[in-house]
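**Q** Fold the stuff below for me.
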Amino acid sequence: MNDIFMTTEDQRAIIDTVRRFVEQEVRPQAAALDANPDPEQSFSWEIVEKANELGIRTMTLSEKWGGLGTGALTTAMVIEELGKGDIGVSVIFAQTLKIAQMMEKALNEAQQARVLPKFVDNPRGMLAIGITEPDNASNYFLAHPGPFRTSAQRKQGGWVVNGMKHFISNGNRASFYLLFVQTEKGKPLAEGSTCFLLERDRPGFTIGRVHDKMGERLANNAELVFQDCFIPDENVVGEINGGFKVLAEFLPYSNAYAGATILGVAEALYAKAVDWGKTRIQGGKPLIEHDGIRAQIAEMRMLIDASRTYVHWACWLADNPQHGWDKTLGALPKAMASQTTWKIATWCMEIHGGHGYMKEFGVEKLVRDAAAFLHSDGVNRTLFLKAANFMFRD
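**A** As a prediction, this is how the structure comes out:
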């Protein structure tokens, strides 16, 4: 489908490269990896390494660090293209791409020099961000969230961290993390938490269980466990107790990337609905020649195009905030895209009839995948409240 924001030959070349990668490396493996009963075995280092060979893994870094310097808009296009092949593959790279962007902006020069070359040179280098806890998830979007349970105590030369994060995308695969920890008691997490740079091999830091998910299985989500884990002062990102300033300043595009990921699933569902409509004969003619089905497919197209435009508008303004960045764009595009995708998933399954319920036709996997982002990157109802707070409290 055409996109008013895709205006450069460089963008088209990047998307064409990603599209070929999806067709050659992701689609042929996705169903088998998804069906693996062990969630850890659903992840593919082979896919990561193939993406690395094409420059996909590091593309958001500037040329100074060996990347392509892709902005939020181009990155969202890449993430959506990956999502057409598999949502989990899209997620593992969306996380890494956005955190790489964030690190280049938020880390000081010494931290960049220490971390970014190691990340770039490692063909399996992945990144993760540690925020969500069993007691703290989407509630940190609310006006008055409580403190993080994962906390750090001051010690000479650094901090001692104890606690646990869970549901962390790339949690068991990342080599570097941005970790958000409570550093001041009695303060809400938005005021009393600090962002730390965390290395995979730091003593006192271990990986807990890998969560067994309904869908999005090619991405691993895991627990991060901290038992007297010492993190030195040189790993503080930004200011002490200023962790959420780091998020607000350097991660305005996260929500839009999540929207792009789930739109890839919507595109895959739409393609299946069109193909099935053209080949399945009912009442003596293809389904797509029945007015109701044809109109429903047109509505799918409308919802996808509208959602994509919203996502791309948010990305464009994240790249060009001087033209009027709106804080609601950090909440609403993902909600719209995920609701669109869920509606299209149910319609696609209905169009396929009984075949849509059978695993061999591939719709069942996409329906499971479509459910993921009703909650991931913020529960939609909470995101609506977050946007409303921006609209009416500010």
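**Q** Could you give the average pLDDT over the host helix or strand of R12?
**A** Taking DSSP states H and E as the criterion, R12 maps to helix 9-21. Averaged across helix 9-21, pLDDT comes to 95.
**Q** Please name every helix or strand in contact with that helix.
**A** helix 72-85 (3 or more CB pairs under 8 Å, 6 or more residues apart in numbering; DSSP states H and E). Just so you know, the C-beta spots here come from the backbone N, C-alpha and C atoms, and that holds for glycine as well.
**Q** same for the helix it packs on, what does it pack against?
**A** helix 9-21, helix 87-106, helix 254-279, helix 291-319.
**Q** pLDDT on that helix, on average?
**A** Mean pLDDT, helix 72-85: 97.
**Q** Can you give me the buried ones in it?
**A** Using 16 or more other CB atoms under 10 Å as the test for burial, helix 72-85 gives 72-85.
**Q** what's the angle between it and helix 291-319?
**A** Relative orientation of helix 72-85 and helix 291-319, computed by axes from the mean of the first three to the mean of the last three CA atoms, to 10 degrees: 140 degrees.
**Q** chain center to helix 72-85, what's the gap?
**A** 10 Å (CA atoms, centre = their mean, to the nearest Å).
**Q** Next, the angle helix 254-279 makes with it.
**A** 40 degrees.
**Q** For the remainder of this discussion, apply numbering that starts at 729.
**A** Sure, I'll start counting at 729 from here, so that last one is helix 800-813.
**Q** hey, C-alpha coordinates of helix 800-813 in PDB?
**A** The C-alpha coordinates for helix 800-813 follow below in PDB (Å, rounded to 0.1, in the frame of the first residue of the first chain):
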ATOM      1  CA  ALA A 800      11.700   7.100  13.800                       C
ATOM      2  CA  LEU A 801       9.600   7.100  10.600                       C
ATOM      3  CA  THR A 802      11.900   4.900   8.600                       C
ATOM      4  CA  THR A 803      12.300   2.600  11.600                       C
ATOM      5  CA  ALA A 804       8.600   2.200  12.000                       C
ATOM      6  CA  MET A 805       8.300   1.200   8.400                       C
ATOM      7  CA  VAL A 806      11.000  -1.500   8.900                       C
ATOM      8  CA  ILE A 807       9.200  -2.700  12.100                       C
ATOM      9  CA  GLU A 808       5.900  -3.000  10.300                       C
ATOM     10  CA  GLU A 809       7.500  -5.000   7.500                       C
ATOM     11  CA  LEU A 810       9.100  -7.400  10.000                       C
ATOM     12  CA  GLY A 811       5.700  -7.800  11.600                       C
ATOM     13  CA  LYS A 812       4.200  -9.000   8.400                       C
ATOM     14  CA  GLY A 813       6.500 -12.000   8.600                       C
END
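**Q** could you pull out the helices for the chain?
**A** With DSSP state H, the ranges of helices along the chain come out as 737-749, 755-762, 773-781, 800-813, 815-834, 837-849, 917-920, 971-978, 982-1007, 1019-1047, 1060-1080, 1091-1099, 1108-1120.
**Q** Domain map for the chain?
**A** The chain is divided into the following domains under automatic domain parsing: 737-851, 856-969, 980-1120.
**Q** starting at the chain centroid, how far to the first one?
**A** What it means is domain 737-851. Offset of domain 737-851 from its chain centre (CA atoms, centre = their mean): 11 Å.
**Q** now the end-to-end length of that domain.
**A** 27 Å (CA to CA, to the nearest Å).
**Q** same deal with the second one?
**A** Domain 856-969 has an end-to-end distance of 20 Å (criterion: CA to CA).
**Q** Same question for the last one.
**A** From the first residue to the last, domain 980-1120 extends over 20 Å; the measure is CA to CA.
**Q** Name all residues that make contact with the closest residue to R755 other than its chain neighbours.
**A** Excluding the flanking residues, the one nearest R755 by CB to CB, 6 or more residues apart in numbering is G813, at 5.1 Å. Applying CB atoms under 8 Å, 6 or more residues apart in numbering to G813 gives the contacts V750, E751, V754, R755, A758, G992, A996.
**Q** so what's the nearest residue to G816 once chain neighbours are set aside scoring on pLDDT?
**A** Take G816 and drop its neighbours on the chain: the residue closest to it by CB to CB, 6+ apart is L946, 2.8 Å away. With respect to pLDDT, L946 scores 98.
**Q** Quickly note the distance from L946 to R785.
**A** 15 Å (CB to CB, to the nearest Å).
**Q** again with D1047
**A** 21 Å.
**Q** So for those two, which residue has more residues nearby?
**A** A count of neighbours by other CB atoms under 10 Å puts R785 above the other of D1047 and R785, at 27 against 16.
**Q** Just to check, that one is in contact with A779?
**A** Yes. Counting by CB atoms under 8 Å, R785 does reach A779; the two are 5.2 Å apart.
**Q** Overlap of the contact sets of the two?
**A** Among the neighbours of R785, those also in contact with A779 (CB under 8 Å, 6+ apart) are F821.
**Q** Make sure I742 is actually in contact with G799.
**A** No. Using CB under 8 Å, I742 makes no contact with G799, being 11.4 Å away.
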